[in-house]
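Asks: Generate coordinates for the sequence data below:
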Amino acid sequence: MNLEPRTDTDITPTLRIIPRDQHIISRKNISKAALRVLYRLNEAGYTAYLVGGAVRDLLLGLHPKDFDVATSATPDEVKRLFRNCRLIGRRFRLAHVVFGPEIIEVATFRGLGEEGAEGDRHIVDGRIVRDNIWGTIEEDAIRRDFRVNAMYYDISDFSVRDYVDGSRDLDDRVLRLIGDPVTRYREDPVRMLRAARLAAKLDMRIDAAAMAPFETLGPLLAEAAPARLFDESLKMFLGGQGLKSFRMLEKCGLLKFLFPATARALKRGDQALRSLVEQGLANTDTRIAEGKSVTPAFLFAVLLWGEVRDLAHQWISQGMDGNEAWARAAAQVVAEQCQRVAIPRRFTFTMEEIWSLQPRFEQIQRKRVFRLMTQPRFRAAFDFLLLRADESPAMRELGQWWAHAQLLPQDVLAAALPAGGGNYPSDNVVATSAKPPRPRRRRRKPGDKSGPA
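Replies: Numbering: from 1, shown residues only. Sure, this is the predicted structure:
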């Protein structure tokens, strides 16, 4: 593979204007806040367009989550026009125009000036660390990543301006990079993850030329800011297409660069672990589709479980105390992962609680059962236990026992549980005293109080 970079100046933008009667974008589907920004900039004498993913999604009949604007106005000029504006970023200087909970991101057209020219661009080993050189809309178009993201909606005549044939890629359902893939990935390695995420989200294929450098350049992701990779992980796994994104990461060979512990554990061929990961992602997608809340902590606990479990079992088999083994395994795996993806402590704490509670589900004694049910993370840990059903028949029965136990009145459950201490062997936990009462003993009497749920 030729890894010599080419510059974006090798690309000649060719404008194609798609008139209103030839596309499906309507102003009624565009954020009112974005329209206000576009009209204000135009009235002030600047050119301004809706750009990027919003135009792409609107052309596909989807509902964009964010609306970005590209303009000839500089960030300082945008700030002077909008009192509700703040300037952010050092790598890329941007204006955020705030309308209550909604933020419209406004970017000045990027130019192609070389490092050292007028403006502010700094490149290290091919990676753009700062890029604040302003240019024309034509230059801005070829500075973008994928051709489908380089189309501009013109509010003045309701047309779409396409400089790099992005509309054809939408029709062909293919993701192609603008420019040489090696150069573009070296500029910003996170573009490899974006390719996988967009392919999963839009049900598109990644062009062979865009996918070819993944294995060679994937290690560059280790140089990306861990906080940025955390944000990108949330977009992939909490955007409603988590399972498809995960499978795309595996298909592209990128999982090992983002979640190395997950890739190692899955490589060992544990089908029960794969079932747990994929079911956890599928459940998250379902909750998002139903408008229910989700937490990154549970998702990351699912992704990293295999390595934590295997380490803990290894150390326990070597004679280490069980509680210490689980704590050390969790700490080691989390520390390694946070070097790649900066998972905030509020999430890693919850992850560690979910993992540490798993062995306690096997302790079927009266006091321990009721004590576990009062744990703040009991529900999350129980949901996690249900995902482990494919680990063994005993684990599936254990999940069923706990599901049933939560439905029983407290006194009925207490009567069915042994009072003694000690752990039951995992393979026998359900078949012995953990067995639920017979149906005739579950009948509730008037005045019975419900047990903990």
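
Asks: since we're on Arg205, how many residues are nearby?
Replies: If you count neighbours by other C-beta atoms under 10 Å, Arg205 ends up with 13. C-beta coordinates here come from the backbone N, C-alpha and C atoms, glycine included.

Asks: hmm, I was thinking of Glu290
Replies: Summarising burial for Glu290: neighbours were counted as other C-beta under 10 Å, giving 7.

Asks: go on, Thr12?
Replies: Residue crowding around Thr12 was assessed by other C-beta under 10 Å; the count is 9.

Asks: same thing with Lys267?
Replies: Lys267 sits with 11 neighbouring residues when counted by other C-beta under 10 Å.

Asks: Trp355 too?
Replies: Applying the criterion other C-beta under 10 Å, we find 23 residues in the vicinity of Trp355.

Asks: Does it touch Phe300 like I think?
Replies: No - using C-beta atoms under 8 Å, Trp355 is not in contact with Phe300, being 10.8 Å away.

Asks: what stretches of this protein score poorly on pLDDT?
Replies: Across the chain, the stretches falling below the confidence threshold (pLDDT under 70) are 1-10, 91, 113-132, 420-453.

Asks: ok, now with 50
Replies: 1-9, 115-118, 121-122, 124-125, 128-130, 422-442, 449-453 (pLDDT under 50).

Asks: residue contacts, Asn84?
Replies: Val97, Val98, Phe99 (C-beta atoms under 8 Å, 6 or more residues apart in numbering).

Asks: Doesn't the second one belong to a strand?
Replies: Okay, so that is Val98. Yes - in this structure, Val98 lies within a strand as judged by DSSP: H, G, I helix; E, B strand; the rest coil.

Asks: how much space between the residue nearest to it when sequence neighbours are not counted and Val69?
Replies: In this structure, Val98 finds its nearest non-sequential neighbour in Asn84, 4.9 Å apart by C-beta to C-beta, 6 or more residues apart in numbering. Per C-beta to C-beta, to the nearest Å, Asn84 is found 14 Å from Val69.

Asks: what do you get for Cys85?
Replies: Plainly put, Cys85 is 12 Å away from Val69 if you go by C-beta to C-beta.

Asks: swap in Leu60?
Replies: 20 Å.

Asks: next one: Leu59
Replies: With distances taken as C-beta to C-beta, Leu59 is found 17 Å from Val69.

Asks: follow-up on the earlier one: would you mind telling me which of Leu60 and Val69 has more residues around it?
Replies: Under the neighbour definition other C-beta under 10 Å, Leu60 and Val69 were set side by side, and Val69 has more, 25 against 15.

Asks: quick one, what contacts that one?
Replies: Taking C-beta under 8 Å, 6+ apart as the definition, contacts of Val69 comprise Ala34, Val37, Leu38, Leu41, Ala48, Tyr49, Leu50, Val51, Ile104, Glu105, Val106, Ala107.

Asks: quick one: the helices in the stretch 151-300 of the chain?
Replies: 166-172, 181-187, 190-202, 208-211, 214-217, 226-237, 242-252, 255-258, 260-267, 271-289, 296-317 (DSSP state H, counting those that start in this stretch).

Asks: Please produce JSON lines containing those helices, extended by distance to Arg340.
Replies: Supplementary listing: the helices of the stretch 151-300 of the chain in JSON lines, determined by distance: least, C-beta to C-beta, whole Å:
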{"stretch": "helix 166-172", "distance to Arg340": "30"}
{"stretch": "helix 181-187", "distance to Arg340": "17"}
{"stretch": "helix 190-202", "distance to Arg340": "11"}
{"stretch": "helix 208-211", "distance to Arg340": "21"}
{"stretch": "helix 214-217", "distance to Arg340": "16"}
{"stretch": "helix 226-237", "distance to Arg340": "6"}
{"stretch": "helix 242-252", "distance to Arg340": "13"}
{"stretch": "helix 255-258", "distance to Arg340": "6"}
{"stretch": "helix 260-267", "distance to Arg340": "7"}
{"stretch": "helix 271-289", "distance to Arg340": "17"}
{"stretch": "helix 296-317", "distance to Arg340": "11"}
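
Asks: so which of those comes closest to Lys28?
Replies: With respect to Lys28, and counting by C-beta to C-beta, the nearest of the helices of the stretch 151-300 of the chain is helix 166-172 at 21.0 Å.

Asks: Counting by contacts, list what that closest one packs against.
Replies: Helix 166-172 makes packing contacts with helix 53-59 when contacts are defined by 3 or more C-beta pairs under 8 Å, 6 or more residues apart in numbering; DSSP states H and E.

Asks: contacts for the helix it packs on?
Replies: So helix 53-59 is in contact with 23-25, 29-30, 34, 63-64, 66-68, 148-149, 151-153, 160, 166-167, 170, 202, going by C-beta under 8 Å, 6+ apart.

Asks: Show me how to select, in PyMOL, the buried members of those.
Replies: With 16 or more other C-beta atoms under 10 Å as the burial test, the buried ones among the contacts of helix 53-59 are selected in PyMOL as follows:
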select buried, resi 23+25+30+34+64+67+68+148+149+151+152+153+160+166+167+170+202
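
Asks: Narrow the contacts of helix 53-59 to those in strands?
Replies: Secondary structure assignment by DSSP state E places Asp68, Met151, Tyr152, Tyr153, Val160 of the contacts of helix 53-59 in strands.

Asks: which one of those sits closest to Ala208?
Replies: Of these, the one sitting nearest to Ala208 (C-beta to C-beta) turns out to be Met151, at 22.8 Å.

Asks: Does the closest one touch Arg161 like I think?
Replies: Yes - under the criterion of C-beta under 8 Å, Met151 lies in contact with Arg161, with a separation of 6.8 Å.
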